[in-house]
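Trainee: A structural model of the following input is requested.
(one chain, ligands or ions: 2)
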Amino acid sequence: MPTTVRAAVCRAFGEPLRIEQLTLADPGPGEVRVRLSAVAICHSDISYADGEWGGELPAVWGHEATGVIAAVGDGVGFDVGERVVVTLIRSCGECHHCQRGAEVTCPTTFPLDETSPLTDADGRPVGHGMRTAAFADEVVVHASQIVPIDGDVPDASAALLACGVITGVGAVLNTAAVEPASSVVVLGCGGVGLNVVQGAALAKAATIIAVDVQPAKLDLAIHLGATHAHDLTDGPVDSLVHELTDGMLADYVFVATGAPSALAGATDLVGTMGAIVIVGMPATGVSGVFDPGSLAGQNQRILGSKMGTSVIARDIPALVQRYQDGGLELDGLVSHTFPLDEINEAMDEVRSGTALRNVIVFDTD
Ligand SMILES: [Zn+2]
Ligand SMILES: [Zn+2]
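Mentor: Ligands and ions are numbered 1, 2, ... in the order given. Below you'll find the predicted structure:
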């Protein structure tokens, strides 16, 4: 029997989401239904809701969630009652990309890509935003999108593992494979950039220079392991990078902001044999300029990192272990929690920069 869910629906870009009752189809073969306990608000949700990336409406966003399996379709190797993290990474496990460890770029089309499991009160389809539609108290997703988690991780903290944390930490440990004693610059200390800082600390980078325009984010970056913090409103970071690397410039520059100026400035911060890693998703149409002669002459690389090149079944349990060992901060990344009815307030705080990661918590009784 299909389930009725309460969801925050986007019916017009740039307008507040509306709480509606929707019908959620049963999980098909290979799919699961998860009763959510928490969903974090990511900048991508806001970009979609504001219309920056287009897409069809109505739709439900939300893709950074945790909950408990409520029903399983045929052929699913998980059990009802298992606690899981729910991500937007849907993969077949068999294609060329999956076999190369890049399940984040799996091109396989799934039934959920073609037919949304959500319909509104008039029986019309509602988009399954970011393959998850987690601004709702229950979701139906493909089983490849969930990872069971053990241990004592609070719901709001566990939700962050679905996107911001794996994107930031994974960019360092998977995409760039930063070596111990490296020098690292992190441009942008939002939800992803702060996790790049955490990743660089886990990789035992010797110098981690966090750059942002908001003192509160820079303070948090220092708490998370940055060795230096630079407020861009005080001027460019170039001379500090020069000084801290004895003029060699950085081994790794992570661009964790969509600001085009960060991309342009990154080439002046990266040293010989260095790499620029593009982590944030810039708005459609943003382009960058680089000097190919300089790139070749100095043996430099430019790397793109989607979702931290994460392999979720491998990486999420490892991150839970690091959290329990005290090496990974999650709780301190949660700014505030809200009920679903207050999702527009929660999104406004993230939009305005007064909150870093707001999390919607559901009444699971
Ligand atoms: Zn996200
Ligand atoms: Zn695949």
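
Trainee: not counting its neighbours along the chain, what's nearest the residue of the stretch 201-350 of the chain found nearest ligand 1?
Mentor: Nearest residue of the stretch 201-350 of the chain to ligand 1 (Cβ to the ion) works out as residue 307 at 8.3 Å. For every residue, glycine as well, the C-beta is placed using N, CA and C. Of all residues not flanking residue 307 in the chain, residue 104 sits nearest, at 4.3 Å (Cβ to Cβ, 6 or more residues apart in numbering).

Trainee: so what's that neighbour scoring on pLDDT?
Mentor: pLDDT, residue 104: 95.

Trainee: got a list of what residue 312 touches?
Mentor: 85, 87, 89, 103, 145, 147, 166 (Cβ atoms under 8 Å, 6 or more residues apart in numbering).

Trainee: which two of those residues have the greatest separation?
Mentor: Pairwise distances across the contacts of residue 312 peak at 14.8 Å for 85 and 103 (criterion: Cβ to Cβ).

Trainee: who has more neighbours, the two?
Mentor: A direct count of neighbours by other Cβ atoms under 10 Å for residue 85 and residue 103 places residue 85 higher, at 28 against 24.

Trainee: how far off centre is the strand or helix carrying that one?
Mentor: Per DSSP states H and E: residue 85 is located in strand 83-86. Distance of strand 83-86 from the chain centroid (Cα atoms, centre = their mean, to the nearest Å) equals 15 Å.

Trainee: who are the packing partners of that strand?
Mentor: Contacts defined by 3 or more Cβ pairs under 8 Å, 6 or more residues apart in numbering; DSSP states H and E place strand 83-86 against strand 31-40, strand 65-72, strand 146-148.

Trainee: let's see it at 10 Å
Mentor: Applying 3 or more Cβ pairs under 10 Å, 6 or more residues apart in numbering; DSSP states H and E, we find strand 83-86 packed against strand 31-40, strand 65-72, strand 138-142, strand 146-148, helix 155-160, helix 312-324.

Trainee: avg pLDDT for the host helix or strand of residue 296?
Mentor: Residue 296 is part of helix 292-297, with elements assigned from DSSP H and E. The average of the pLDDT scores along helix 292-297 is 92.

Trainee: what does it contact?
Mentor: By Cβ atoms under 10 Å, 6 or more residues apart in numbering, the list of residues contacting helix 292-297 from outside reads 267, 270, 272, 276, 291, 300-302.

Trainee: now for the next helix or strand after that helix, which elements pack on it?
Mentor: Remark: after helix 292-297, the chain's next helix or strand is strand 301-304, criterion DSSP H and E. Here strand 301-304 touches strand 250-255, strand 270-278, going by 3+ Cβ pairs under 10 Å, 6+ apart.

Trainee: span of stretch 294-302 from start to end?
Mentor: Stretch 294-302 has an end-to-end distance of 12 Å (criterion: Cα to Cα, to the nearest Å).

Trainee: for this structure, name the helix or strand with the lowest mean pLDDT.
Mentor: Every helix and strand in the chain was compared by mean pLDDT, DSSP states H and E; the lowest is helix 260-266, with a mean of 83.

Trainee: flag the shaky bits of the stretch 201-350 of the chain, pLDDT-wise.
Mentor: Where the stretch 201-350 of the chain drops to pLDDT under 70, the residues are 282-284.

Trainee: which bits of it sit near ligand 1?
Mentor: Taking Cβ under 5 Å from the ion, no part of the stretch 201-350 of the chain reaches ligand 1.

Trainee: skipping its backbone neighbours, what lies nearest the one residue in the stretch 151-300 of the chain that gets nearest to ligand 2 in space?
Mentor: Residue nearest to ligand 2 within the stretch 151-300 of the chain (Cβ to the ion): residue 174, separated by 16.7 Å. Closest residue in space to residue 174, ignoring its immediate chain neighbours: residue 309 at 4.1 Å, by Cβ to Cβ, 6+ apart.

Trainee: how about that neighbour, phi and psi?
Mentor: phi 50, psi 40 (degrees, to the nearest 10).

Trainee: unless I'm mixing things up, it is touching residue 103, no?
Mentor: Yes. Between residue 309 and residue 103 there is a contact under Cβ atoms under 10 Å: 8.9 Å.

Trainee: give the buried residues for stretch 28-41.
Mentor: Burial within stretch 28-41, assessed by neighbour count using 16 or more other Cβ atoms under 10 Å, is assigned to 28, 30-41.

Trainee: hmm, I was thinking of stretch 347-357
Mentor: Applying 16+ other Cβ under 10 Å to stretch 347-357 flags 347, 349-351, 355-357 as buried.
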